[in-house]
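Asker: Next comes the sequence, and after it the predicted model I'd like to discuss.
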Amino acid sequence: MNLTRTAILSLSILLAACSSDDDGGNMDMGPTGPSASLSSIDTSGGTDGIVALPMNVDARILAVFERYAELTAPNGRRVHFLAQTGVSDELIFRTRGIIRQHLFEVDGTTLGTDKSGVFNRMGLRGAVIAIISSPAAFSDVDPDVMAFQDFFGDTFDTVDASQMVMEASANYLLPSPANDPTIGQCAAIVLRQGLSTQVPSFQTALDAATDNAVMNGLYTPPMSVPADRIDDEYLALAMDTYYGIWGHDPNSDGTAGAGSEYDFNLRTDMEASDAGMVAVIESFFSPTHRYPAFLDESFNGSFEMTFDGILPYTHRSQYLERAGVRGTSTARINGNELDNTFIGNDVGTVFEGKGGNDAIDSNDGPDELILTGNFADYLITNPEPTITRIEDTVMNRDGIDDLRGIVTVQFADGPVNL
């Protein structure tokens, strides 16, 4: 397969190098390109910056999409998000958060300590992430969809909302949690829309890792994947595996992918046997999730963020740094050893940090924090008028927690009202 891939790619370079997705294609420069009519949309009045598309945007956009959100790059240009009817605001918010996570600087990486160039390039392209409600709703034979695709060319990518799985939703909590390819798909979008061209050394390393994986049978690309997209697909699946999406081993053979394309389903196995791809991922991307993971609003149980072998979803949740609740959920969130950020609602949430230095915002609800030791083990200060800091004087236990609006702290020897 490697020889076939190399031969096809060589032919592609000779015949159509300038149109390669990895080369960035024809750059449509921000407000002067297809996305020009999106660039002046005022999102300040929308909840979470999500608004209805105004009627003055291009008709080819209005014919297919109904809502809009954006991320502003350091150069002031926007990365655009379009959503079809049937896509919830929660999924728009989540998709935007995942794209932003991939563009956060990551200290200690070789290529990801300054991502402003990648972010700026995406803005200059006027990159569009089109969140579709389902493949049927974005059919290639629909004249309106065809017109949109022709208009935007290679400056847009799609994310399928019907495949997304909200944290703590019924599908997330199943004994075999539903597959959610969003993390990897969004990484591949960042690759195509900016990373590949702006950081060519990343693309070079990805190509080498892809060739090695295919040649040695670690990754078997589906026959339907075009040769110039094999690296994208490999990155997406490897990212999903790295972040625990396949950790519960749904194929019952230690592989990942709907067709068992990838020989591993755990990060530890990747580190042992596909170190090249792990190095590629960790050169640019974060080893943990930094997007705000708000739990499904219907969830009212205990959500665990520390790996527990009897809870398959914790293969995924163990990598979350940030979690919160909205609506009327009365969930309890139990964190992990990372420096967690928790956000409550106005109903009331119970939080337990489980280690790390955590930041907890009650969001005006009657929230409660659970700590491990007795009251006398902690130093309580107020570094700011609205923040209470509780520092565990016992090493390697609860760390330092900054609390905003927390009503009650439950110590081992009883509760204390703040």
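Answerer: Now that the structure is in, tell me what you want to look at.

Asker: All the strands of the stretch 151-300 of the chain, residue numbers only.
Answerer: 156-160, 293-294 (DSSP state E, counting those that start in this stretch).

Asker: Tell me which of these sits most buried.
Answerer: strand 293-294 (a mean of 23; mean count of other Cβ atoms under 10 Å). Just so you know, the C-beta spots here come from the backbone N, C-alpha and C atoms, and that holds for glycine as well.

Asker: and the helix or strand following it, what other elements does it pack with?
Answerer: Counting by DSSP states H and E, the next helix or strand C-terminal to strand 293-294 is strand 302-304. The elements that strand 302-304 packs onto, with contact taken as 3 or more Cβ pairs under 8 Å, 6 or more residues apart in numbering; DSSP states H and E, are helix 314-317, strand 332-334.

Asker: For the stretch 301-418 of the chain, which segments count as strands?
Answerer: Going by DSSP E, counting those that start in this stretch, the stretch 301-418 of the chain shows strands at 302-304, 322-324, 332-334, 341-343, 350-352, 359-361, 368-370, 378-384, 387-392, 400-404, 408-411, 414-417.

Asker: ok so, going back, please produce JSON lines containing the strands of the stretch 151-300 of the chain, extended by mean pLDDT and distance to residue 275.
Answerer: Shown next, in JSON lines, are the strands of the stretch 151-300 of the chain (pLDDT from 0 to 100; distance: least, Cβ to Cβ, whole Å):
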{"stretch": "strand 156-160", "mean pLDDT": "98", "distance to residue 275": "29"}
{"stretch": "strand 293-294", "mean pLDDT": "96", "distance to residue 275": "28"}
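
Asker: now those in TSV, with distance to residue 228?
Answerer: Rendered in TSV, the data for the strands of the stretch 151-300 of the chain read as follows (distance: least, Cβ to Cβ, whole Å):
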stretch	distance to residue 228
strand 156-160	15
strand 293-294	33
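
Asker: Take the helices and strands packed on strand 302-304 and lay them out in JSON lines including mean neighbour count, mean pLDDT and distance to residue 412.
Answerer: Listed next are the helices and strands packed on strand 302-304 as JSON lines, based on neighbours: other Cβ atoms under 10 Å; pLDDT from 0 to 100; distance: least, Cβ to Cβ, whole Å:
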{"stretch": "helix 314-317", "mean neighbour count": "24", "mean pLDDT": "98", "distance to residue 412": "25"}
{"stretch": "strand 332-334", "mean neighbour count": "21", "mean pLDDT": "96", "distance to residue 412": "16"}
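
Asker: okay, the ones you listed in TSV with distance to residue 217 next?
Answerer: Output for these, formatted as TSV (distance: least, Cβ to Cβ, whole Å):
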stretch	distance to residue 217
helix 314-317	24
strand 332-334	40
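
Asker: For the stretch 1-150 of the chain, just list every one of the strands.
Answerer: Ranges of strands in the stretch 1-150 of the chain, per DSSP E, counting those that start in this stretch, are 51-52, 67-72, 78-83, 128-132.

Asker: quick one: low-confidence parts of the protein?
Answerer: 1-31 (pLDDT under 70).

Asker: and if we set it to 80?
Answerer: Counting by pLDDT under 80, the chain shows low-confidence ranges at 1-32, 364-365.

Asker: Now residue 402. Nearest residue, chain neighbours left out?
Answerer: What sits nearest to residue 402 in space, not counting adjacent residues and going by Cβ to Cβ, 6 or more residues apart in numbering, is residue 359, at 4.8 Å.

Asker: List the contacts of residue 414.
Answerer: Counting by Cβ atoms under 8 Å, 6 or more residues apart in numbering, residue 414 touches residue 375.

Asker: give me the beta-bridge partners of it?
Answerer: Judged by DSSP bridges, the bridge partners of residue 414 are residue 411.

Asker: distance of it from residue 389?
Answerer: From residue 414 over to residue 389 the distance is 20 Å, taken as Cβ to Cβ, to the nearest Å.

Asker: that older thread, closest to residue 299 out of the helices and strands packed on strand 302-304?
Answerer: Nearest to residue 299, of all the helices and strands packed on strand 302-304, is strand 332-334, at 10.1 Å by Cβ to Cβ.

Asker: Ends of stretch 300-315, what's the gap?
Answerer: Using Cα to Cα, to the nearest Å, one end of stretch 300-315 lies 20 Å from the other.

Asker: How far off centre is it?
Answerer: For stretch 300-315, the distance from its own C-alpha centre to the chain's C-alpha centre is 19 Å (Cα atoms, centre = their mean, to the nearest Å).

Asker: Kindly report the same for stretch 185-194.
Answerer: That offset, for stretch 185-194, works out to 11 Å (Cα atoms, centre = their mean).

Asker: Show me the contact partners of it.
Answerer: Under Cβ under 8 Å, 6+ apart, the answer for stretch 185-194 is 21-22, 24, 79, 95, 98-99, 102-103, 117-122, 125, 127, 129, 154-155, 157, 159, 202-203, 206, 232-233, 235-236, 239, 285.

Asker: Which residue is the nearest non-sequential neighbour of residue 182?
Answerer: residue 164 (5.3 Å).

Asker: Can you verify my assumption that that neighbour contacts residue 178?
Answerer: No - using Cβ atoms under 8 Å, residue 164 is not in contact with residue 178; the gap is 9.4 Å.

Asker: Please identify which of these two sits among more neighbours.
Answerer: A direct count of neighbours by other Cβ atoms under 10 Å for residue 164 and residue 178 places residue 164 higher, at 22 against 15.

Asker: Now do the same contact list for the more buried one.
Answerer: Contacts of residue 164 (Cβ under 8 Å, 6+ apart): 91, 94, 95, 180, 182.

Asker: what sits against the most centrally placed residue in the chain?
Answerer: Here the mean C-alpha position of the chain is nearest to the C-alpha of residue 98 (Cα atoms, centre = their mean), at a distance of 2.7 Å. For residue 98, the contact set (Cβ under 8 Å, 6+ apart) comprises 182, 183, 186, 291.

Asker: cool, residue 404 as well?
Answerer: Here residue 404 is in contact with 359, 360, 361, 362, 386, 387, 388 (criterion: Cβ under 8 Å, 6+ apart).

Asker: Turn those residues into a markdown table, including neighbour count and distance to residue 56.
Answerer: Formatted as a markdown table, these follow (neighbours: other Cβ atoms under 10 Å; distance: Cβ to Cβ, whole Å):
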| residue | neighbour count | distance to residue 56 |
| --- | --- | --- |
| 359 | 17 | 41 |
| 360 | 26 | 42 |
| 361 | 19 | 37 |
| 362 | 22 | 41 |
| 386 | 10 | 41 |
| 387 | 14 | 44 |
| 388 | 19 | 48 |
